[in-house]
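J.: 3D model of this:
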Amino acid sequence: MRTLVDLDAVHHTMETTVMVDMVRISRPTGTPILDVDTGLVGPTPTTTIWEGAGAVLSAHGLAAVEHLVGGRWLEDDASWYGLVTPLAAPLPQRGDLVTVVATKAPTAGPVGRTWQALDPGEASTVEVAQITRLDEVVL
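T.: This next block holds a predicted model:
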């Protein structure tokens, strides 16, 4: 017997229980500037592409969402981190930076941490959210 999935309900669940953090997607727009006094390379200039509701989840967090939405939604080879954003958000490009700027979590663990988009968002015939693979970077 086939079970039909209520995509509107899954979409609502994702937006109200998973995508509860504020994330910023920014795109590098130039080259880092050398600080001639210290000899250190400064940050790369960026432009904010989008800021809004989303979540950065580890592989464990991504797997936990499977139980929340009642089914498998990622393959086993998922990246260690994944950015989950609403369908209306622009897809990050490879190399874009993702920063969690605020969280509803009782601990502020991800706030201020930055990840780099490894691939454009994953595509699917049936979508309830956008998933982008990430790798954490130390700035």
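J.: can we go C-alpha only for contacts and neighbour counts from here?
T.: OK.
J.: show me where the protein has helices.
T.: Ranges of helices in the chain, per DSSP state H, are 7-13, 59-69.
J.: would you single out the least confident of those?
T.: Mean pLDDT per stretch puts helix 59-69 lowest among the helices of the chain, at a mean of 57.
J.: distance of residue 39 from residue 33?
T.: Applying CA to CA, to the nearest Å, the value for residue 39 to residue 33 is 10 Å.
J.: comparing these two, which shows the higher neighbour count?
T.: Legend: neighbour count by other CA atoms under 10 Å for residue 39 and residue 33, higher for residue 33 (12 against 8).
J.: may I ask which helix or strand of the chain has the lowest mean pLDDT?
T.: helix 59-69 (a mean of 57; mean pLDDT, DSSP states H and E).
J.: chain neighbours aside, what residue packs nearest to the residue nearest the centre of the chain?
T.: Centroid-nearest residue in the chain: residue 83, 1.7 Å away (criterion: CA atoms, centre = their mean). Excluding its sequence neighbours, the residue lying closest to residue 83 (CA to CA, 6 or more residues apart in numbering) is residue 56, at 4.6 Å.
J.: count of neighbours near the one you found?
T.: By the criterion of other CA under 10 Å, residue 56 has 28 neighbours.
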